[in-house]
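Q: pasting the sequence and the predicted coordinates here, then a few questions.
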Amino acid sequence: MKDVIEGRVWVLGTDVDTDQIISGKYLTIIDPNELKKHVFEIALPEFAAEARAGDIIVAEENFACGSSREHAPQAMRAIGVGAVLADSFARIFYRNAINLGIPTVEAKGVRRIFEKGDTARIEMSAGRITNLRTGAFVTFPPLPHHLLDLLEAGGLVEKVRAELEARKAAAGAA
Amino acid sequence: MTASNGHGMNMAEKILARAGGLDHVVPGQIVEGNVDLAMMHEQGAQTVLPFHQMGAETVWDPDRVVIAIDHWVPASTEGAAVLHRILRKFAAETHLPHFYDVGNHGICHQILAENGWVVPGDLAVGTDSHTNMLGAMGAVAAGIGPTEMAAVLALGRLWLKVPPTIQVRVRGTFGPGVFAKDLILRILGEVKTTGATYKAVEFTGPTIAALSMPERFTICNMTTEMGAKTGMVAPDETTFDYLRPIAKHSMHPLLSDADATYERVIDIDVTDMPPMVACPYSPDNVRPLPDVVREHVRVDQVFLGSCTNARIEDLREGAAMMKGHKVAPGVRFIVSPASTKIYQQCLAEGIIETFTEAGAVFTNSSCSACFGGNMGILAPEEVCASSSNRNFPGRMGAKEARIYLLSPAATVAAAIRGELTDPRDLM
């Protein structure tokens, strides 16, 4: 994970639930490259066609509340979303996104300093998000080590794989 | 009340301390918790790839894993059939014996409840957001995603941040036509959809103590809509009586200490509380039902179902109201029991006959119309009265469709009159 992330901003409001990110009718799709065609279909209909790798999602309160569906962050990862920022997140989405290795940052007031198309700069270890057009910024407490480790590893799959390999190596050496 | 000498722990803290093998924990602390029960529904199909990518070969404890398919039962699309097939193959390969497949199926949370899979003191996780419902057993029960479930299957544990707890103390007796659903809607109207994010919600007080297990399930179920990690009720004789004949493993109840710490305490008195309704487009947009009834809200569809409110008690209540009435012309009324067992009870008690003679459609057990991906899908501009749990835009189909969340009795009243109706007018 890069310590400084920059990207073009898309903005969303409060209580954008997972149905508005990936609708219930698409839940039988498991190929992320198919899913990404429908991401934000209800909340931001132009997103799927216009988004490009590195874009940053900036939402207000309670982003991605609702269901536990991992289809939502998987579709974002397939697009190549660079980071997801919000004033606050729903808990399952927050875990899912970090587990998939997507930098996910909760920062109070972040939505207010951006408009669609602005460029955001996120300094992960400094805990600062800046709007490069206006200079406005907000700060956030750096992520706990536990979560930074997960992002550094590239996500939960990589972290568990390393643990299982270490376990096997230890068993082999014993 | 929120003061503490720093030693007392509440239920959620005690359960996570036990799961983490610790004597004491405080909110904010990260715990590596051993899982007592892991549940997967169709989303479990997405755990298979990460499970293999992790290099895992065996499941940590097959007797603590339940698979219960429920969203598309029987498979209604080729995609759903593929998900089911992936799960059946995975269960066979990894020797998972507890698979509730078509014919023995039900909504995953109801399957866990009625088969005693979650007991007091447990840490339970499931690939569905409404796993919170099982907290009614006096457990910490939380929803997780499929990649995280793959790690749980491989390791038998996951990290959890010890949540601050909101205590909701309820007193008073429900009037006629007022139910547990009305109580949780009222609390949602106060706490709002973000008010319990990352937190545990512990329900207590004389009203809660007097509730049956099905009513406690309804209340804990909708803590998900407050953003909560889990909703909980302290285990008592009601819990033990419910679980004793069915518990799959031994109970290890943990209760909040008298000097436990709570982030917030909310007092609710249900005396004189009217039936409530959550209006579009959020489950926290809650108003007293009589106020909304005055606006003459016509309905196109009524849904009595979902993990929130489709237990035998809900369907008995609904059938008693339905008896002697017909579904209003132009209204589609869908009734979907929460499990096959409940379906059989409805058959034996004449409940299916009552509903179908009135003009309702009584479906097999599944999540049914609740999630807009299987059946009972709404067209734009349509209005639905529903006993389910969410009414965000697009939840049951078209994003413009309007969903009103109600108690089972109030949904049946809407089916009879063809518009939102105070169930007390029909009692």
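A: Yep, that arrived. Just so it is clear, the model here is predicted, and its values are computed rather than measured.

Q: contacts only, for residue 20.
A: You didn't say which chain, so I picked chain A. A:40-43, B:392-394, B:399 (CB atoms under 8 Å, 6 or more residues apart in numbering or on different chains). C-beta here means a position set from N, CA and C on the backbone, and glycine is covered the same way.

Q: wait, chain B was what I had in mind.
A: By CB under 8 Å, 6+ apart, the contact list for residue B:20 reads B:31-34.

Q: filter these down to the ones in strands?
A: B:31-34 (DSSP state E).

Q: quick one: average pLDDT of the lengthiest strand in chain A?
A: Under DSSP E, the strand in chain A containing the largest number of residues is strand A:4-11. Average pLDDT, strand A:4-11: 98.

Q: contacts for that strand?
A: Under CB under 8 Å, 6+ apart, the answer for strand A:4-11 is A:44, A:47, A:51-52, A:54-59, A:82-83, A:103, A:111, A:114-124, A:132.

Q: from those residues, which ones fall inside helices?
A: Mapping those onto helices (DSSP state H) picks out residue A:47.

Q: now, the contacts of strand A:4-11 that are in strands?
A: A:56-59, A:83, A:119-123.

Q: out of those, which is most surrounded?
A: With neighbours taken as other CB atoms under 10 Å in any protein chain shown, the top of those is residue A:57, carrying 30 neighbours.

Q: residues touching it, list them.
A: Per CB under 8 Å, 6+ apart, neighbours of residue A:57: A:10, A:12, A:63, A:76, A:81, A:83-86.

Q: looking at chain A, which residue is nearest chain B?
A: Scanning chain A for the residue nearest chain B gives residue A:28, at 2.9 Å (criterion: CB to the nearest CB).

Q: need the contact list for that residue.
A: By CB under 8 Å, 6+ apart, the contact list for residue A:28 reads B:42, B:72, B:77, B:79-80, B:82-83, B:373.

Q: and if we set it to 6 Å?
A: The neighbourhood of residue A:28, defined by CB atoms under 6 Å, 6 or more residues apart in numbering or on different chains, consists of B:77, B:79-80, B:83.

Q: biggest helix in the chain by residues?
A: Here I'm looking at chain A. helix A:156-173.

Q: let's do chain B instead
A: Per DSSP H, chain B has its longest helix at helix B:78-93.

Q: if we can go back for a sec, spell out the secondary structure type for the residue of chain A closest to chain B.
A: coil (DSSP: H, G, I helix; E, B strand; the rest coil).

Q: go on, the one 5 residues further on?
A: Put simply, residue A:33 is helix when judged by three-state DSSP.

Q: which one is it nearest to, not counting chain neighbours?
A: Among residues not flanking residue A:33 along the chain, residue A:78 sits closest, at 5.6 Å (CB to CB, 6 or more residues apart in numbering or on different chains).

Q: so the one you found is in contact with residue A:37, correct?
A: No - Residue A:78 is beyond contact range of residue A:37, at 9.3 Å (criterion: CB atoms under 6 Å).

Q: comparing these two, which residue is more hemmed in?
A: residue A:78 (17 against 14).

Q: what sits against the more buried one?
A: By CB under 6 Å, 6+ apart, the contact list for residue A:78 reads A:32-33, A:36.

Q: show me what the most centrally placed residue in chain A is bridged to.
A: What sits nearest the mean C-alpha location of chain A, by CA atoms, centre = their mean, is residue A:84, with 3.8 Å. Beta-bridge partners of residue A:84, counted by DSSP bridges, are residue A:57, residue A:104.

Q: excluding residues flanking it in the chain, which one is nearest residue B:410?
A: residue B:423 (4.8 Å).

Q: what is the neighbour count of that neighbour?
A: Going by other CB under 10 Å, the residues that sit close to residue B:423 add up to 26.

Q: returning to what we had before: so which of the contacts of residue B:20 wins on neighbours?
A: residue B:33 (25 neighbours).
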